[in-house]
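> fold the stuff below for me.
(one chain, ligands or ions: 2)
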Amino acid sequence: MPLEVIGTFNVSRLQVLDHNGELDQEFDPKLSSDKLLKLYYYMLLNRRTDERMVKLQRQGRLGTFGASTGQEATICAATLAMGERDWFVPSYRESFGAVMRGMQLSKIFLYWSGHEEGNYTPEAPRTLPIQVIVGSQALHAVGIAYAIKYRREKESAVVTFFGDGATSQGDIHEAMNFASVWKVPVVFICQNNQWAISQPRSRQTNAKTIAQRAYAYDMPGIQVDGNDALAVYKVTKEALERAYQGQGPSFIEAENYRLTMHTTADDPTKYRKNEEVDFWWQREPLKRFRAFLESKALWSEAQQVKLEEQLNQEIETAVRDFESQKNFKVDAPFEHIFGTTHSVIESQRAEFLAEQLKRQQQEQEQERR
Ligand SMILES: Cc1ncc(C[n+]2csc(CCOP(=O)(O)OP(=O)(O)O)c2C)c(N)n1
Ligand SMILES: [Mg+2]
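Ligands and ions are numbered 1, 2, ... in the order given. Predicted coordinates for the structure are as follows:
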């Protein structure tokens, strides 16, 4: 008997704005001028805050953190496509999505200085805190999506983000598998920034694309130029529409590049070549988006100068707000491990506080001597 072909797949890639900011009209998501300008505002805020944070960290005023320079288009455009009723489930690279959803900028500084207060963000509803455990947020996302389906919530879905390296974690497969089995409203966005600390994309998988993994779970998958804000917006919006209509999960591979270090504790010059970094700086998302705005007569050098000044003031206000906070609750993390108190956790809290007190007393003793 001849072999019967019972499954084939193909993978599409979408780019709407090319490297020079030239628009492909066929795929234009036709965003209003207000939305285009909002997108540029947040992308630039993301870039300038990252730059400021590196300086603060080098001055010892901020803890170790991971910048998202080069990934602004994916982060901000995907968030712009979301509605208030959607849930935002990030890793550690998408904090500016949370800022777009109302989170105070200073919360980012608090978080990266080790204060639990940075995780308390009631000003940004349906927005989960930073997740550092690689890949695990995708499982939380599917759990939330399951609840949305169970409660029959309308016009509500979950968008979760993770990196190329995370796709080698079992969590991502478990999340994708059950999302598809249960047909729950979730959009998986893989920010393929080409590196997982010092491991290149080529060491994560031998597959031509990460997007094609979607087909193994029978969900729509697409690769998109992650430096192209309009393309990211369009595919995220379409995936959300499918989710609202009960068509289940989608997978988006957004190809971009981590232009700076993994975190401030890392030196990428040890493992990657300058030519590669230069290649991606030519493709970075802000330059082409600005060129596009200028071609539509929506932007000018004078507006740029004004916005730079405004952002500078906003960032400095957030830095002052952050540095003026002094009364932190050092045992706050123990309160959020479970929804209710737990005897084992409470005994650990008591041990931790006793240790803190002992240390303080020793310090005071030393000062007295
Ligand atoms: C479960 C787990 N394993 C290992 C780590 C250490 N770690 C932190 S980030 C990272 C690399 C993740 O790479 P990727 O998923 O590509 O995300 P990116 O940092 O590039 O955004 C690793 C291995 C971790 N935080 N969690
Ligand atoms: Mg990566």
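
> is stretch 54-71 in proximity to ligand 2?
No. Counting by C-beta under 5 Å from the ion, ligand 2 is not contacted by stretch 54-71; separation bottoms out at 9.3 Å. Heads up, the C-betas are built off the backbone N, CA and C, glycines and all.

> so which residues make contact with that stretch?
By C-beta atoms under 8 Å, 6 or more residues apart in numbering, the surrounding residues in contact with stretch 54-71 are 46-47, 50-51, 53, 75, 92-96, 109, 112-114, 191, 193, 226-227, 256-265, 280, 284-285, 319, 323.

> check those against ligand 2, which are close?
Okay, of the contacts of stretch 54-71 touching ligand 2 (C-beta under 5 Å from the ion), that's N193.

> which ones, among the contacts of stretch 54-71, also lie beside ligand 1?
93, 191, 193, 258, 262 (C-beta under 6 Å from any ligand atom).

> tell me which two in the residues you listed are the farthest apart.
Largest separation among these by C-beta to C-beta: Q191 and H262, giving 13.1 Å.

> which of these two has more neighbours?
Taking neighbours as other C-beta atoms under 10 Å, Q191 and H262 compare with Q191 leading, 27 against 18.

> from the contact counts, what lies against the helix or strand harbouring that one?
Using DSSP states H and E, Q191 maps to strand 186-192. Judged by 3 or more C-beta pairs under 8 Å, 6 or more residues apart in numbering; DSSP states H and E, the packing partners of strand 186-192 are helix 72-80, helix 136-150, strand 158-163, helix 170-182, helix 229-244, strand 250-255.

> how about the residues of the stretch 51-200 of the chain by ligand 2?
So far as C-beta under 5 Å from the ion goes, the stretch 51-200 of the chain lies against ligand 2 at 163-165, 193, 196.

> mind redoing it with 6 Å?
163-165, 193, 195-196 (C-beta under 6 Å from the ion).

> looking at those residues, which is nearest N327?
Out of those, the member with the shortest distance to N327 (by C-beta to C-beta) is G163, at 35.1 Å.

> what's opposite the residue nearest to that closest one when sequence neighbours are not counted in the beta bridge?
Leaving out its chain neighbours, the residue that sits closest to G163 by C-beta to C-beta, 6 or more residues apart in numbering is Q191, at 5.6 Å. Per DSSP bridges, the residues bridged to Q191 are G163, A254.

> surely Q191 and T160 touch.
No. Using C-beta atoms under 8 Å, Q191 makes no contact with T160, being 11.0 Å away.

> for ligand 2, what's its nearest residue on the stretch 251-369 of the chain.
Of all residues in the stretch 251-369 of the chain, R258 sits closest to ligand 2, at 6.2 Å by C-beta to the ion.

> actually the chain, not the one I typed
G163 (3.5 Å).

> that residue and Q194 touch, don't they?
No. Here G163 lies out of contact with Q194, judged by C-beta under 8 Å, at a distance of 9.7 Å.

> and these two? Which one has more around it.
Between G163 and Q194, counted using other C-beta under 10 Å, the more crowded position is G163 (27 against 19).

> can you tell me how far the more buried one is from L110?
Separation of G163 from L110 (C-beta to C-beta, to the nearest Å): 24 Å.

> and P333, what's its pLDDT?
On pLDDT, P333 comes in at 88.

> quick one, what contacts it?
E116.

> quick one: it and ligand 1, what's the gap?
17 Å (C-beta to the nearest ligand atom, to the nearest Å).

> and what about that residue, helix, strand or coil?
helix (DSSP: H, G, I helix; E, B strand; the rest coil).

> could you list the buried residues of stretch 287-304?
288-293, 299 (16 or more other C-beta atoms under 10 Å).

> if you could redo that for stretch 81-94, that was the one I meant.
81-82, 86-94.

> how about those residues in TSV, adding pLDDT?
Formatted as TSV, the buried residues of stretch 81-94 follow (pLDDT from 0 to 100):
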residue	pLDDT
A81	98
M82	98
D86	98
W87	98
F88	98
V89	98
P90	98
S91	98
Y92	98
R93	98
E94	98
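
> and the furthest pair within the residues you listed?
Checking those with C-beta to C-beta, the most distant pair is A81 and Y92, at 21.1 Å.

> spatially nearest residue to A175, not counting backbone neighbours?
A138 (3.7 Å).

> pretty sure that neighbour is touching M176, no?
Yes. Look at A138 against M176 with C-beta under 8 Å: they come within range, at 7.5 Å.

> where do the contact lists of those two overlap?
Contacts common to A138 and M176, judged by C-beta under 8 Å, 6+ apart, are F188.

> which one's more surrounded, those two?
Applying other C-beta under 10 Å to A138 and M176 shows that A138 carries more neighbours, namely 29 against 24.

> dump the residue contacts of the residue nearest to G163.
71, 74-75, 93-94, 161-164, 226, 254, 256.

> want to throw these into CSV with distance to I337?
Converted to CSV, the contacts of Q191 look like this (distance: C-beta to C-beta, whole Å):
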residue, distance to I337
Q71, 30
T74, 31
I75, 28
R93, 24
E94, 23
F161, 24
F162, 23
G163, 25
D164, 30
G226, 34
A254, 32
N256, 34
